[in-house]
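Visitor: Show me the folded form of this:
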Amino acid sequence: MLIVSTKVGRGVYSVGEALEEKLLKLGKVVRHESIEDFCPEDVVREDLKRYKWISNKYSFLLHLIYRFPLIYYRKYFRARYLGDSPDFPELHQLLTTFRPKTVISASHRPTFWISYLKWKYGFSFLLAGLSIE
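Guide: Numbers count the residues shown, from 1 in each chain. Next up, the predicted model:
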């Protein structure tokens, strides 16, 4: 099992760590990673800049983003049809060698990128996204 979280704010990462700890105690083969460790710096910078801008100027939109994820539809369109998304070679390598049957993704950003890679490379793992914001 692979758990992918985000380091932004550390709260989500702490949830990933706690989940990993619990699953290890149950005897599961599990690994916890941060999506930022696999993203190109410009992707992280773009995501954080947009999130900070929305949080500071239009925080009411965060509720809408979580209810109706329009930003992610835009990102999905860019990734799928415009081809301007990264390949994430290190994350692709991890998924290929670790071969998880299940990926638990904590938060929206890692869920988006993991689902993108699943689609792009035809991985067959079960992807479960946790909305913990």
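
Visitor: contacting residues for the residue sitting nearest the centre point of the chain?
Guide: Centroid check for the chain by CA atoms, centre = their mean gives Pro110 as the closest residue, at 0.4 Å. Pro110 is in contact with 4-6, 35, counting by CB atoms under 8 Å, 6 or more residues apart in numbering. Glycine gets a C-beta too; all of them are placed from N, C-alpha and C.

Visitor: Now name the helix or strand holding Gly16.
Guide: According to DSSP states H and E, Gly16 maps onto helix 11-25.

Visitor: Show me what counts as buried in that helix.
Guide: Neighbour-count burial for helix 11-25 flags 12-13, 15-16, 19-20, 23 (criterion: 16 or more other CB atoms under 10 Å).

Visitor: a markdown table for the contacts of Pro110, including distance to Arg50?
Guide: Shown next, in a markdown table, are these (distance: CB to CB, whole Å):
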| residue | distance to Arg50 |
| --- | --- |
| Val4 | 20 |
| Ser5 | 19 |
| Thr6 | 14 |
| Ile35 | 15 |
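
Visitor: Apart from its neighbours in sequence, what residue is nearest Leu126?
Guide: Thr102 (4.7 Å; CB to CB, 6 or more residues apart in numbering).

Visitor: give me phi/psi at that neighbour?
Guide: phi -130, psi 140 (degrees, to the nearest 10).

Visitor: so it sits right up against Leu2, yeah?
Guide: Yes - with contact defined as CB atoms under 8 Å, Thr102 counts as touching Leu2 (7.4 Å).

Visitor: which residues are common contacts for these two?
Guide: With CB under 8 Å, 6+ apart, Thr102 and Leu2 have common neighbours Phe125.

Visitor: ok, and for the longest helix out of those in the chain, which residues are buried?
Guide: Criterion DSSP state H: the longest helix present in the chain is helix 41-57. Buried residues in helix 41-57, counting neighbours by 16+ other CB under 10 Å, are found at 43-44, 47, 51, 54.
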